[in-house]
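*Asks:* structure of the sequence below:
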Amino acid sequence: MSSTLGEDMHRLVTAYPTDSERDRAVRSDFLTFFADAEGPVRRDAGASHATASAFVFDPTLDRTLLVFHRKGRFWVQPGGHLEDDDASIRDAALRELREETGLHPAGIEDADAYDLDHHALSTAFGRCRSHLDVGIAMIASDEAAVTVSDESEDVRWWPVAGLPRDVPAGFTERLQRLRERL
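*Replies:* Purely as a prediction, here's the structure:
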């Protein structure tokens, strides 16, 4: 797993668009972990390691699918740790989306619109202290049935202009940037 996912992480990090000072800082931070294919892609790689998530928008880009995270106690995009059988970061994000919401979006060919976010975690996450998350943007029908997993308490479509109050710091900005890139 490590070399294939490490190579994919390195590719995504080095290709990340640096349109703003924030983007340049985020890419620079990620390059300290993923300067090559040997970065921390496994959960057991240490206190800081890669995760993949799915920012799902409806076809109008006016609504987004969020899960209420049981450990974090906030609304957030579906996502989580990389697994041995993930062929790419995109595949990991799609697997997490299926596991956490039951949604199976079709036609996701490439990770053209994605986001990098390095965020600290509370002690509720055990020995994980921070996640280096790649959030892949995708579009799916908001009419498809969704299910709640063991990791979440709720799954719901939210208007982008009316997100719940309890989202992580910086979440709204990440969502808006991805929406613009789509």
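*Asks:* give the rounded mean pLDDT of stretch 12-32.
*Replies:* Stretch 12-32 comes out with an average pLDDT of 93.
*Asks:* check stretch 67-82 too.
*Replies:* pLDDT averaged over stretch 67-82 gives 89.
*Asks:* can you get me the start-to-end distance on it?
*Replies:* Start-to-end span of stretch 67-82 (Cα to Cα, to the nearest Å) is 18 Å.
*Asks:* so what's the backbone phi/psi at Gly135?
*Replies:* phi -100, psi 120 (degrees, to the nearest 10).
*Asks:* isn't it right next to Gly79, touching?
*Replies:* Yes - between Gly135 and Gly79 there is a contact under Cβ atoms under 8 Å: 7.0 Å. Backbone N, C-alpha and C define where each C-beta goes, glycine included.
*Asks:* overlap of the contact sets of the two?
*Replies:* By Cβ atoms under 8 Å, 6 or more residues apart in numbering, Gly135 and Gly79 have these common neighbours: Ala52, Ser53, Ala54, Ala93.
*Asks:* hang on, isn't the third one packed against Asp91?
*Replies:* No - here Ala54 does not reach Asp91: they are 11.0 Å apart, not a contact under Cβ under 8 Å.
*Asks:* give me the more crowded residue out of the two.
*Replies:* Ala54 (26 against 19; other Cβ atoms under 10 Å).
*Asks:* nearest spatial neighbour of the more buried one, skipping sequence neighbours?
*Replies:* Leu97 (4.0 Å; Cβ to Cβ, 6 or more residues apart in numbering).
*Asks:* what do you get for Ala137?
*Replies:* Leaving aside its chain neighbours, Ala137 sits nearest to Ala113 (3.9 Å; criterion: Cβ to Cβ, 6+ apart).
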